[in-house]
Structure formats: structure tokens, C-alpha cells
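Q: sequence below, structure please.
(one chain, ligands or ions: 2)
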Amino acid sequence: MKLLLIGSGGREHALAWKMAQSSKVEKIFVAPGNGGTAIENKCENVNITEIKDLINFAIKENIDLTVVGPEDPLTKGIVNEFKKAGLKIFGPAQNGAMLEGSKSFSKDFMKKYNVKTAEYATFTNVDDALKYLETCSYPTVVKADGLAAGKGVIICVNKEEAIEAVNTCMVDDTFGDAGKTIVIEEFLEGIEASILSITDGKTIIPFLSGKDHKQIFDGGKGPNTGGMGVMAPNPYVTEEVMKDFEENIMANTLVGIREEEFDFKGIIFFGIMITKKGVYLLEYNVRMGDPETQSVLYLMESDLVELIEAALREELDKTTVKWKDGVCINVVLASKGYPGNFTKGYEITIDEKVKDKVFLAGAKLEDDVLKTNGGRVLSVIGCGSNVQEARKEAYENIKYVNFKDSYCRTDIGIHK
Ligand code: AMP
Ligand code: GLY
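A: Numbers count the residues shown, from 1 in each chain. Ligands and ions are numbered 1, 2, ... in the order given. Model (predicted):
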């Protein structure tokens, strides 16, 4: 098979690495890819990003299957466009992708189908939103409706902060159109978990759970990032939590997907909060998480391409996913200054000894030299039979990867 993989993050390097292991796969084009996919087995980067150009490329190269990494093209309807052109593609069509593309749409969906989630209200008018802040309890959460590159969620400890957050979204237009509508939501206290899963619209198969570490500093301090490291499985996702999730979130979501007749053959990622009152859904994503993918796929025993093909044939009910035992941790090595300003262009050196343990993200290959090209530059993997062993290996491996002004958290796998 010839595959086309869309995206350029650490998630896509991990996807490319995993799919390249399939004996069915001859070649993977990655559009636009990064420094990791540039050197990965069977892979070749192609510098294409526009949907119409991707379609032309897929036709010209006789691509057998296209896999979409990030949410942006999915919410723009890339799956609808590829299908119209008669091309095989894995991911939800635009209507289902709005479960990530619009917070108000996804909260309304959760409410309609009884998916357990925080109380909320939606506003399109700033005065109504400000009036609501008089009566709600604090902390409260203000969310820009649309995609805001992970920055559109503001936790407000008091009314003053909430007024500022509403103004940031609706008056200052900091998130552009994404913030013209906002959701104000009940604050939930608990422990977060990421449950990625695959669906064919009839069955959902959850993957191993993950524990992301969102804040930049140790101890969960400082601003939120895209994720500084992930442990899989997530030790807080006990059998009891999983049962609660499957009964009150996953099953109802599947009913909703069917009733709404979404054309959804893709990944659905549940961001959950485990609270004293049970498991709540914080959000849906319609793609794999980054850096969840790096740890979760590392432990996947099954052939991912076969799994995707089963989903496209609507045969997930006859499919099981096999996992390796143990724990996998990936620690993100970032550019100092991220998620604020940072410098790009530093040379990255990776010792031969750990080259199979590194997934590149914000990195590019320039004249055969790997250089930093983003905030989260790469992830280093460590596996073991328990958390301590996995942590030890990850932090040992990281010593063999270097670039100027690199930064990582030291508590991945131990912080709640
Ligand atoms: P979201 O994009 O909706 O997942 O929000 C991003 C992050 O904001 C989540 O991973 C949580 O850490 C936090 N968050 C979102 N909604 C809530 C909530 N209702 N209560 C507490 N924290 C929240
Ligand atoms: N790591 C969280 C996300 O991908 O949304």
C-alpha cells in the first residue's frame, strides 16, 4: 500500500513510525511532515498543505489510503472532499469533526445524548455573558467556541478574572471568530485522563489510557502547553473508572454519533476528568493526542493499518486491539521559553544508542542536519514493567539527545 499521512507534529512521526511497521505498507508520503518523518523508514515528506493539492497528489500517486493527523483539516471537511474525489481516507467527515471544532456544538451534543459533562451556558452576546457571571459560582471556566490552538480555555478563580476572560474572547477578539461565541462552564476538580479510541460509527474501541502533563513546569505549575509528556496507561484509570466512562460517556456518545448520522470512521479522543462525583467528559477531540500518541502507539501490538482498514469496512465489532504489557512514558524536550517566545534553528544531536526512542516534532532536516523548528521539539521514550522503570529509562535516554537551550519537566509519570 501507498499511504498519505497529513500533519507535521510528534504525533505524525509516531503514526508514520507505527504504520511503517505494517508489512502491507510500501511507502508513506507525509504532508508536510517534519525532521522525524524525513528520516523515518519507508517515509518521504511532500511539501503540500492545501486540500485540493493533497487530492491531486493522492490521485497522481495512486494513494491507497490517507490518514489525517490534526483537527484543522478535519473541521475544514477534508474527509468529505477526498470522498467526493473517490479517495479512501480515515477520519470523521465535517459534521462529526465539529465535536472538536465547536465547544457549544459538542456540549449540546453531550447534553442531548446524556453524556456526563459539566453544566454550561452558551453566549453570543457579551452583555448576556457578563450578566451570567453575576450569578455563577467560582472558579468558573470560560471557553472560546472554536479552535484556538489549545489557548481558548480560561480558568477563572473569581468574577474579575471571568469578566476579563469574556472580554478577551468577545471584545478584544483575541481568538478571532473562534471567540465570538463562548461557553461558560462549571469548574470540575479531579484528575484528568486521555482516552483515545477508534470508531467506525457503530463500535468504539478504546485504546490504552494516557496521562498528559499539560503545564510547563514541574508540579503542574505555570501556563498550559500542548502537553509536556505522557504516561500510558494512566494509573488513575482503574477498572471502576473505565466502567463509569464506558457506561456514562462512551456508550452515549456512540448513540449520538449514530442518531446524528455522522459519517465517523476515525479517532475519537475523550478528555475526561475523574472527580469525587464520578467521571465527566471535558471534551472530544477527533484526532489522536499529541504527545499521547507517542506513548500509546509505542505500546500497541496490533497492526495500526489493519485496524484502520477494519474501521473503514465497519468491522470493528469483529476486531480486537492487542497491547504490550508495561508502562511507556514520553518526556517532551522543548525549546527554552516555550509556550512563550523561543529561538529556533539549533542543531539537534541524537546518539545512535537512543535513535529508536525519539519522536521528532518541532524539528526539521536541513542539509542533512536536524534543527529545532518549534516549541515542543521532540519526545524521548522510556518503557518498563512499572512507572519507576519507565521513568528511569526515559530520563536516562534523554541524556543522549541534545540541543542548545533544551528544557523538560522532571516529573513526568509522577505528578498527578
Ligand atoms: P479542553 O480544551 O476543553 O479540554 O480544556 C483544556 C484544559 O482546560 C483541560 O485539559 C483541563 O485541564 C481544563 N478544563 C477544561 N474544562 C474544565 C472544567 N470544566 N473544569 C476544570 N478544568 C477544565
Ligand atoms: N495532548 C493533548 C491534546 O493533544 O489535545
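
Q: show me where the protein has its helices.
A: Assigned by DSSP state H, the helices in the chain fall at 10-20, 35-39, 51-60, 71-75, 78-84, 94-101, 103-112, 126-135, 159-170, 239-245, 251-259, 292-298, 304-312, 387-397.

Q: deepest of those, which one?
A: For the helices of the chain, average neighbour numbers computed from mean count of other CB atoms under 10 Å are highest in helix 292-298, which has a mean of 29. From N, CA and C alone the C-beta is placed, and that goes for glycine too.

Q: mind giving me the packing neighbours of it?
A: The contact analysis (3 or more CB pairs under 8 Å, 6 or more residues apart in numbering; DSSP states H and E) places helix 292-298 against helix 10-20, strand 191-199, strand 204-212, strand 229-232, strand 327-335, strand 376-384.

Q: for residue 208, which residues are in contact?
A: By CB atoms under 8 Å, 6 or more residues apart in numbering, residue 208 lies in contact with 232, 233, 296, 299, 300, 323.

Q: and the third one, how far from residue 359?
A: The reference is to residue 296. Computed as CB to CB, to the nearest Å, the residue 296 to residue 359 distance reads 12 Å.

Q: cool, the last one as well?
A: Using CB to CB, we find residue 323 at a distance of 19 Å from residue 359.

Q: looking at those two, which has the bigger crowd around it?
A: Legend: neighbour count by other CB atoms under 10 Å for residue 323 and residue 359, higher for residue 359 (31 against 15).

Q: distance of the closest residue to residue 134 other than its chain neighbours relative to residue 141?
A: Leaving aside its sequence neighbours, residue 134 sits nearest to residue 159 (CB to CB, 6 or more residues apart in numbering; 7.6 Å). As judged by CB to CB, residue 159 and residue 141 stand 14 Å apart.

Q: ok, residue 159 - contacts?
A: By CB under 8 Å, 6+ apart, residue 159 lies in contact with 133, 134, 138.

Q: looking at those, spot the one nearest residue 188.
A: Of all those, the one with the least separation from residue 188 (CB to CB) is residue 138, at 13.3 Å.

Q: which pLDDT value goes with the closest residue to the closest one other than its chain neighbours?
A: Distances taken as CB to CB, 6+ apart place residue 158 nearest to residue 138, at 5.3 Å, with adjacent residues excluded. Confidence at residue 158, expressed as pLDDT, is 93.

Q: again with residue 188
A: In this model, residue 188 is scored at 97, pLDDT.

Q: what about it, neighbour count?
A: 18.

Q: so it makes contact with residue 118?
A: Yes: with contact defined as CB atoms under 8 Å, residue 188 reaches residue 118; the gap is 5.3 Å.

Q: overlap in contacts of these two?
A: Common neighbours of residue 188 and residue 118, using CB under 8 Å, 6+ apart, are 280, 282.

Q: ok, the contacts of residue 208 vs residue 249, which is closest?
A: Among the contacts of residue 208, residue 233 lies closest to residue 249 (CB to CB), at 17.5 Å.

Q: so what's the closest one up against?
A: Residues in contact with residue 233, defined by CB under 8 Å, 6+ apart, are 208, 209, 210, 299, 327.

Q: dump stretch 100-119 to CSV, restricted to CA.
A: Extracted C-alpha coordinates of stretch 100-119, given in CSV (Å, rounded to 0.1, in the frame of the first residue of the first chain):
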residue,chain,number,x,y,z
GLU,A,100,-13.9,19.2,18.4
GLY,A,101,-14.4,22.2,16.1
SER,A,102,-17.1,23.9,18.2
LYS,A,103,-17.4,23.7,22.0
SER,A,104,-21.1,24.8,22.0
PHE,A,105,-21.9,22.1,19.4
SER,A,106,-20.1,19.4,21.4
LYS,A,107,-21.7,20.5,24.7
ASP,A,108,-25.2,20.5,23.1
PHE,A,109,-24.4,17.0,21.7
MET,A,110,-23.3,15.8,25.2
LYS,A,111,-26.5,17.2,26.8
LYS,A,112,-28.8,15.8,24.1
TYR,A,113,-27.3,12.3,24.5
ASN,A,114,-26.9,12.3,28.2
VAL,A,115,-23.1,12.2,28.1
LYS,A,116,-22.0,13.2,31.6
THR,A,117,-20.4,16.6,31.5
ALA,A,118,-20.0,19.9,33.4
GLU,A,119,-23.0,22.3,33.5
